[in-house]
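Asker: Sequence first, then the predicted structure:
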Amino acid sequence: MENGRSGRRGIALAAALLLAVPALRETNAGSGNAPGPALDAAGDGVRASESCQVIQTMGFSRCGHSVTRRVRIPQELAGADFREVQAHYSVWRIEKFAADQIEMDREIPLFCPAHRVLSVSEAGEIVLTWNAYGDGMAVEKTYEDRSVGDFTPEEQEKLLSGMGFDTREDAEAWLQAH
């Protein structure tokens, strides 16, 4: 009897997996920088107006936060269609495309601007950085009195990938404790 139950559980598990895989593919189909639902607007003659607002949402995968900014469309894109706008914003996924508003998003593998990050520079220095640009880190301070060799292998690994802190004071307290 025990083998009969485990056999049925195995079949049920296999059936559940077969049903889940296509659903997972659909869920992940919109991820990355592939065109989003706005692709439907690509062929209907919609063009961005001169007063069009571009709403950009940046998701920061290292901390899970997001930042949204609203800007007027660049002058050279006034009158542009979906494909022209997508070409200009090639690293963004356009979610909504209308004459007066374009919404787009992208995932950035960094901490958001609200964090300070302890890491190791290309020169091997311990540095405190922050996301000053949205998609790039700026060095705020270099700790010349510290080197990578001062830390355990586990701490070195964390520093090499970047350690996020809420404040500069929190980062410096961690440095002093280690």
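Answerer: Arrived safely.
Asker: Spell out the secondary structure type for residue 86.
Answerer: Secondary structure state of residue 86, per DSSP: H, G, I helix; E, B strand; the rest coil, is helix.
Asker: isn't it right next to residue 102, touching?
Answerer: No: with contact defined as Cβ atoms under 8 Å, residue 86 does not count as touching residue 102 (9.8 Å). Placement of C-beta: from N, CA and C, glycine included.
Asker: Overlap of the contact sets of the two?
Answerer: Shared contacts of residue 86 and residue 102, defined by Cβ atoms under 8 Å, 6 or more residues apart in numbering, are found at residue 94.
Asker: So for these two, which residue has more residues nearby?
Answerer: Shown here are residue 86 and residue 102; by other Cβ atoms under 10 Å, residue 102 has more neighbours (27 against 21).
Asker: so the more buried one sits right up against residue 94, yeah?
Answerer: Yes: Residue 102 is in contact with residue 94 according to Cβ under 8 Å; the separation is 6.4 Å.
Asker: Please, where are all the strands along this structure?
Answerer: Using DSSP state E, the strands of the chain run over 53-60, 66-72, 93-97, 101-108, 116-120, 125-131, 137-147, 163-165.
Asker: wait, which of these is closest to residue 153?
Answerer: strand 116-120 (13.3 Å; Cβ to Cβ).
Asker: For the closest one, which strands pair with it and how are they oriented?
Answerer: If you go by DSSP bridges, strand 116-120 pairs up with strand 125-131 (antiparallel), strand 163-165 (antiparallel).
Asker: Redo these as CSV? Include mean pLDDT, distance to residue 67 and mean neighbour count.
Answerer: Compiled in CSV, the strands paired with strand 116-120 are given as follows (pLDDT from 0 to 100; distance: least, Cβ to Cβ, whole Å; neighbours: other Cβ atoms under 10 Å):
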stretch, mean pLDDT, distance to residue 67, mean neighbour count
strand 125-131, 95, 9, 20
strand 163-165, 97, 15, 19
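Asker: want to try a markdown table for those strands, with distance to residue 61 as columns?
Answerer: A markdown table is the format used below for the strands paired with strand 116-120 (distance: least, Cβ to Cβ, whole Å):
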| stretch | distance to residue 61 |
| --- | --- |
| strand 125-131 | 12 |
| strand 163-165 | 11 |
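Asker: Of all those, which one comes closest to residue 141?
Answerer: strand 125-131 (4.4 Å).
Asker: what's the angle between the closest one and strand 101-108?
Answerer: Relative orientation of strand 125-131 versus strand 101-108 (axes from the mean of the first three to the mean of the last three Cα atoms, to 10 degrees): 160 degrees.
Asker: who's in contact with strand 125-131?
Answerer: Here strand 125-131 makes contact (Cβ under 8 Å, 6+ apart) with 60, 110-113, 115-121, 137-144, 146-148, 159, 162, 168, 171-172, 175.
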